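S.K.: Output the structure for:
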Amino acid sequence: MKWRGVSETEAEPLKATLREELDERRMLMRRFVPAATQAVNDRATEEFRQGGLAQRALNVGDKAPEFSLPDARGNLVESRLLLAQGPLIVTFIRGRWCPFCCATLEAWQGKLDQVKTKGANFVAISPMSVQQCDFMRDQHKLLFPFLSDTGNKVAAQFDVAYKVPEYQQDLFKKVFINLPHVNAEDSWTLPLPATFAIAQNGMIQYSFVNEDYTLRAEPTEVLQSI
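M.R.: Now for the predicted structure:
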């Protein structure tokens, strides 16, 4: 399903690049999602830009915070131990309800062999509960650690967490995106689209953060930075 609620048919193969896949999903969004819904999300994105949310995030040359989070099976995953093996790629997504997040994780799933060739590890982090992460892991057949960041505590350490504006909360409720249920807490916070490549010394060597939830880091470009 390339767009939430548009088709229940089996998903088509992904495009050659994540950017192409996101372009198609954006086109479907503009075609099928009501204009009033789009206007609310566009307003939020523009307000985030005006507030410079992405500019506050950690950047290349900054020290990445260490973290320890449960994966989709409830097992703790420590960044310190992963970095002992090689570089670490970390991507933050909003949730299984976001088609752009789904495309992002599927694209990285297709790049795991290249990640391993680089001697690196890849993890995805979401504010969803462990149970919801497990649902998404199973649905998309994900083979990398998918971590549950309750309350966006780690996202906040990377300075990519934000609170959903009240008018957008109202929209989410109307379209049945129940964040308090999916995230198992009621802070109504989410992470901006963000991807970081972290060197073994803990320094960030690649950073992508954007206020626009339809834009994501291209995996090939991230891998080239390692």
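
S.K.: Confirm for me that residue 120 is in contact with residue 89.
M.R.: Yes - here residue 120 reaches residue 89: they are 6.0 Å apart, a contact under CB atoms under 8 Å. The way it works is simple: take the backbone N, C-alpha and C, and place the C-beta from them, glycine included.

S.K.: three-state assignment of residue 124?
M.R.: Three-state assignment for residue 124 (DSSP: H, G, I helix; E, B strand; the rest coil): strand.

S.K.: So it sits against residue 108, correct?
M.R.: Yes - contact criterion CB under 8 Å: residue 124 and residue 108 qualify, at 7.1 Å.

S.K.: any shared contact partners between the two?
M.R.: Residues touching both residue 124 and residue 108 (CB atoms under 8 Å, 6 or more residues apart in numbering): 91, 144.

S.K.: Mutual contacts of residue 120 and residue 89, please.
M.R.: Contacts common to residue 120 and residue 89, judged by CB under 8 Å, 6+ apart, are 197, 223, 226.

S.K.: Just among those, which is most surrounded?
M.R.: In terms of neighbours by other CB atoms under 10 Å, the shared contacts of residue 120 and residue 89 top out with residue 197 at 26 neighbours.

S.K.: So what's the residue count around the residue nearest to that one when sequence neighbours are not counted?
M.R.: Closest residue in space to residue 197, ignoring its immediate chain neighbours: residue 206 at 3.6 Å, by CB to CB, 6 or more residues apart in numbering. Neighbour count for residue 206, taken as other CB under 10 Å: 20.

S.K.: how about the strand or helix carrying residue 206 as CSV, C-alpha atoms only?
M.R.: Using DSSP states H and E, residue 206 sits within strand 204-209. Extracted in CSV, the C-alpha atoms of strand 204-209 (Å, rounded to 0.1, in the frame of the first residue of the first chain):
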residue,chain,number,x,y,z
ILE,A,204,28.6,12.7,13.8
GLN,A,205,30.0,12.6,10.3
TYR,A,206,26.7,12.9,8.4
SER,A,207,23.5,14.7,9.4
PHE,A,208,20.2,15.1,7.6
VAL,A,209,17.3,16.9,9.5
